[in-house]
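Chemist: got a sequence here, can you model it:
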Amino acid sequence: MLATIPLPAGTDRVPIRDIPALIADALHPSNPVEDGGDLLQRMRWHSNIDDWEVFVRNAVNSGILIPRHPQSLLPQRQASGEWMFACFVTIDDLTQFLARFDIGVRFAEKAPAPTEKPAAEMNPGRTDWKAKARQIADECFEKDTKAGIRDSLVRKGKGGHITGGYAFRVMELMQKRGIHGPHGLINNPATIARDALQGDKWWANKDK
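Modeler: Here you go, the predicted structure:
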């Protein structure tokens, strides 16, 4: 059976930083609820993420996978480091790349129109969480500047989990200050990095 990567309906681009986990999950699916949370299986799953992250980086460096600007989608031939993983690939490019490993892409059906107002509409204060996240990131960045140090956008620990960096620090401060996203408490620093801080949204504009 062909392994597939599920994407939301209407998706036209995917962040490069998400590709390793998508591949690892497609080839080695692991559901802690169904498999009883087997530690060995989860360790193998995370190991595959690390392996595929290196492979994706090599694919970009060799020109097999083309990184594109998050907004304009123009090719970023010299992309490297954090900027490489902050870039996107088009669905067409991703589909051709995944075909090398017999992996397909499938799109979820569009959800029916909601009968209730979204949480963001019921609580307008949540709609500007990204701007607040950048303000907090600026606080952290200015504090580091005064101390003569620099942090990275994200720092990963064992198993590929984000355990530090500006995105992680912003998440902790947002929780302390009661700043929520449209769906409530944000407890994943990758969400903050992807939606509020990566690339031209914040990180690419900072002197490092």
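
Chemist: quick one, strands of this protein?
Modeler: 3-7, 13-15, 88-90, 103-107, 155-156, 162-164 (DSSP state E).

Chemist: what's the closest of those strands to Trp52?
Modeler: strand 103-107 (11.0 Å; C-beta to C-beta). (Each C-beta comes from the backbone N, C-alpha and C, glycine too.)

Chemist: okay, and for this protein, where does confidence drop off?
Modeler: Across the chain, the ranges flagged by pLDDT under 70 are 1, 28-50, 110-127.

Chemist: domains in it, by residue range?
Modeler: Taking automatic domain parsing as the reference, the chain has its domains at 3-107, 119-200.

Chemist: now render these as JSON lines, adding distance to Asp207 and mean neighbour count.
Modeler: JSON lines is the format used below for these (distance: least, C-beta to C-beta, whole Å; neighbours: other C-beta atoms under 10 Å):
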{"stretch": "domain 3-107", "distance to Asp207": "14", "mean neighbour count": "15"}
{"stretch": "domain 119-200", "distance to Asp207": "9", "mean neighbour count": "16"}
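
Chemist: quick one: closest of those domains to Lys206.
Modeler: Per C-beta to C-beta, nearest to Lys206 of those: domain 119-200, 6.2 Å.

Chemist: returning to what we had before: tabulate the strands of the chain in TSV, adding columns for distance to Gly178.
Modeler: TSV is the format used below for these (distance: least, C-beta to C-beta, whole Å):
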stretch	distance to Gly178
strand 3-7	32
strand 13-15	28
strand 88-90	32
strand 103-107	36
strand 155-156	25
strand 162-164	22
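
Chemist: wait, which of those is closest to Cys140?
Modeler: When the strands of the chain are compared (using C-beta to C-beta), the closest one is strand 162-164, at 11.4 Å.

Chemist: strands paired with that closest one, and their directions?
Modeler: strand 155-156 (antiparallel) (DSSP bridges).

Chemist: which outside residues touch the strand it pairs with?
Modeler: The list of residues contacting strand 155-156 from outside it, by C-beta atoms under 8 Å, 6 or more residues apart in numbering, reads 162-165, 168.

Chemist: what about 6 Å?
Modeler: With C-beta atoms under 6 Å, 6 or more residues apart in numbering as the test, strand 155-156 has contacts from 162, 164-165.

Chemist: how far out from the middle of the chain is that strand?
Modeler: Centroid separation for strand 155-156 versus its chain: 13 Å, with C-alpha atoms, centre = their mean, to the nearest Å.

Chemist: got it, and stretch 17-31?
Modeler: With C-alpha atoms, centre = their mean, you get 13 Å for stretch 17-31.

Chemist: same check, this time on stretch 193-208
Modeler: 13 Å.

Chemist: using CSV, write out every CA atom in it.
Modeler: Taking C-alpha atoms only, stretch 193-208 is exported to CSV below (Å, rounded to 0.1, in the frame of the first residue of the first chain):
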residue,chain,number,x,y,z
ALA,A,193,8.1,29.6,15.1
ARG,A,194,6.1,28.7,12.0
ASP,A,195,3.2,31.2,12.3
ALA,A,196,4.8,34.2,14.0
LEU,A,197,8.6,34.2,14.0
GLN,A,198,10.3,32.3,11.1
GLY,A,199,11.6,33.9,8.0
ASP,A,200,10.6,37.4,7.1
LYS,A,201,7.9,37.4,9.8
TRP,A,202,10.6,38.1,12.4
TRP,A,203,13.8,36.0,12.4
ALA,A,204,15.2,37.0,9.0
ASN,A,205,15.0,40.7,9.9
LYS,A,206,17.3,40.3,12.9
ASP,A,207,21.0,41.0,13.0
LYS,A,208,22.7,37.8,14.1
